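>>> what's the 3D shape of this:
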Amino acid sequence: MVAKTFGSAVSGVDAKLITIEVNVGQGTSFFMVGLPDSAVKESQQRVESALKYYGYRMPRQKVVINLAPADIKKEGSSYDLPIAIGIMQASEQVFFPELEQYVIMGELALDGKLRRIKGVLPIAIEARKRGYKGFILPKENAQEASIVNNLDVIPVETLQEAIHFLEGKETIPPLVTDTRNLFYDSIEESDFDFADVQGQENIKRAMEIAAAGGHNVIMIGPPGAGKTMLAKRLPSILPPMSLQEALETTKIHSVAGKLGASSSLIAQRPFRSPHHTISDVALVGGGGNPQPGEISLSHNGVLFLDELPEFKRTVLEVMRQPLEERRVTISRARVTVDFPANFMLIASMNPCPCGFYNHPDKECVCGPGVVQKYLNRVSGPLLDRIDLHVEVTPINFEEMTSDRKSETSKSIRERVSGARAFQQARFEKNPEVHCNAMMPSHMVKEVVKINQAGKTLLKTAMDRLGLSARAYDRILKVSRTIADLSGTEDIKAEHLAEAIQYRSLDRDGWAG
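Residues are numbered from 1 along each chain as shown. Got it, this is the predicted structure:
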């Protein structure tokens, strides 16, 4: 007899339907076809042990399992449960009247318990899109899948539970989550606030501009000046995520297996801070079975690279293309996968190995040429792609002990959201552009109109600082954001002057 169950394979951040066909006939062999990897092939032992644990038998006949379509590679252990259910139906040990109305996924332990799997959210979305009644999956993943509406999410803890449910002997109520309420209840939560930061008003201003326009930032200053503290608070002033952005972000974290058992929807913008020993594959994604890297896990949020010159040169250079295109393409011999990577890059660095070059009080002990050599670890093309270069100086004792209350993240976020509202109206006919930092060059000329005084100021800055064409574009985009924050359509000379001052590292002789 031939039985069919339905599962899914995750490719990138999307899922594809997989049909598991099981035929039990004359003979004594076990065959699994359809490009299964080693983990899928090993399911034979897990399935046999789980069936025996509950008093069922593995057929001592010829068992052929086909994973269709056969040209898609099947990877991982999540096919255990649909294979076990298919074998039970094909060997006529049980009868499941509604088997073909469910997508089934789950890894089996030897005692028949189900373990959590990766990529549940895109699988649930695909199941609903295909019109399936429900999705049977491990209980640990149910919360994540339940944010998909109009799909019965059936959480099961053991193989026995799944069998009894499909037979109709046991009723398992679908897990239901009010996605919108969950989203709006979690959207305002934040562990950090700019009110905790004393002083550093000029750096807060730069962070506000960056948040308003989606610009990349590099902070350069001595240790203990507050660079990391400021970077961690940036997500708290970014505009709240839309429900669509939350679903996109959650899909990526689901595919990477980064969601906890009690997690469902990611409602806050992600903040990722990888260590400087990270490899280029871990940063941009890849591997034999392509997985999203840190820049994709930062999608719709912030990627913070602390101590930027300590990262390997190859790791930093692979970020150039994603910073421009806002997506990563992983190409392999059999497959090409796209991962979204629309993130804000926030980097910090010391000005020199000892950390005290340009310090107002402490003396730098680095030898001649050492400072320039240290700065040269970060390539010019990468710095060109960073819109704001900000010098951070340590605060003095009076500022540190002042009783004056700092502005809260909430009030800064209101101004940022107002500026983003201007941009949303401006780019409504261009769905690919959401903020000023995303404008392509041809659009910059249309959107950023400057008067003769502004052109003269820019020409002087270009000549004196030796700026590249890309840096020129960045200055125009930042000045557009500054004008949006001030609520004016016209870009004035003071807007351009403020944007120019955020190109510190382009100044000739900055490092002596």
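>>> So what's the residue count around residue 435?
23 (other CB atoms under 10 Å). For glycine as for every other residue, the C-beta is placed from the backbone atoms N, C-alpha and C.
>>> wait, doesn't it sit right on residue 420?
Yes - Residue 435 is in contact with residue 420 according to CB atoms under 8 Å; the separation is 6.5 Å.
>>> which of the residues in the longest strand seen in the chain are buried?
Of all segments of type strand in the chain, defined using DSSP state E, the longest is strand 14-25. Buried residues in strand 14-25, defined by neighbour count with 16 or more other CB atoms under 10 Å: 14, 15, 17, 18, 19, 20, 21, 22, 23, 24.
>>> Quick one: residues in contact with that strand.
Outside strand 14-25, the residues that touch it by CB atoms under 8 Å, 6 or more residues apart in numbering are 1-10, 59, 61-69, 72, 74, 79, 82-83, 86-87, 89-91, 103, 119, 122-123, 125-126, 130.
>>> Same check on stretch 442-449?
426, 430, 433, 436, 439, 473, 476, 477, 479, 480, 490, 491.
>>> Can you pull the domain assignment for this protein?
Domain segmentation of the chain under automatic domain parsing yields 2-177, 192-396, 429-512.
>>> how about those, which one is nearest residue 403?
Among those, domain 192-396 comes nearest to residue 403, with 9.9 Å by CB to CB.
>>> Which of the helices and strands in the chain ranks last by mean pLDDT?
Least confident helix or strand, the chain: helix 397-400 with a mean of 69, by mean pLDDT, DSSP states H and E.
>>> The residue most central in space within the chain and residue 496: what is the separation?
The chain has residue 297 as the residue nearest its centroid, 2.3 Å off, counting by CA atoms, centre = their mean. Residue 297 sits 36 Å away from residue 496, taking CB to CB, to the nearest Å as the criterion.
>>> Likewise for residue 477?
For residue 477 relative to residue 496 (CB to CB), the value is 12 Å.
>>> Repeat that for residue 380.
23 Å.
>>> circling back: show the average pLDDT along the longest strand of the chain.
What strand 14-25 shows for mean pLDDT is 94.
>>> just the buried members of the contacts of stretch 442-449?
If we count by 16+ other CB under 10 Å, these have these buried: 426, 433, 436, 439, 473, 476, 477, 479, 480, 491.
>>> Of all pairs in those residues, which one is the farthest apart?
Counting by CB to CB, the most remote pair of the buried ones among the contacts of stretch 442-449 is 433 and 491, 18.0 Å apart.
>>> now, among the contacts of stretch 442-449, which is nearest to residue 341?
The shortest approach to residue 341 among those belongs to residue 433, at 15.9 Å (CB to CB).
>>> looking at this, residue 207 is in a strand?
No - per DSSP: H, G, I helix; E, B strand; the rest coil, residue 207 lies outside any strand segment and is helix.
>>> could you measure it against residue 321, distance?
From residue 207 to residue 321 the distance is 26 Å (CB to CB).
>>> higher neighbour count, these two?
The residue with more neighbours, out of residue 207 and residue 321, is residue 207; 26 against 15, by other CB under 10 Å.
>>> For the closest residue to that one other than its chain neighbours, list the residues it contacts.
Distances taken as CB to CB, 6 or more residues apart in numbering place residue 234 nearest to residue 207, at 5.7 Å, with adjacent residues excluded. Shown in contact with residue 234 (CB under 8 Å, 6+ apart): 207, 210, 211, 271, 302, 344, 346.
>>> Show me these that map onto helices.
In this view, the contacts of residue 234 that belong to helices under DSSP state H are 207, 210, 211.
>>> Report how many residues lie close to the residue lying closest to the second one once chain neighbours are set aside.
Leaving out its chain neighbours, the residue that sits closest to residue 210 by CB to CB, 6+ apart is residue 217, at 4.7 Å. Look at residue 217: counted by other CB under 10 Å, it has 26 neighbours.
>>> and residue 217, what does it touch?
Neighbours of residue 217 in contact, by CB under 8 Å, 6+ apart: 206, 207, 210, 344, 345, 346, 347, 386, 387, 388, 390.
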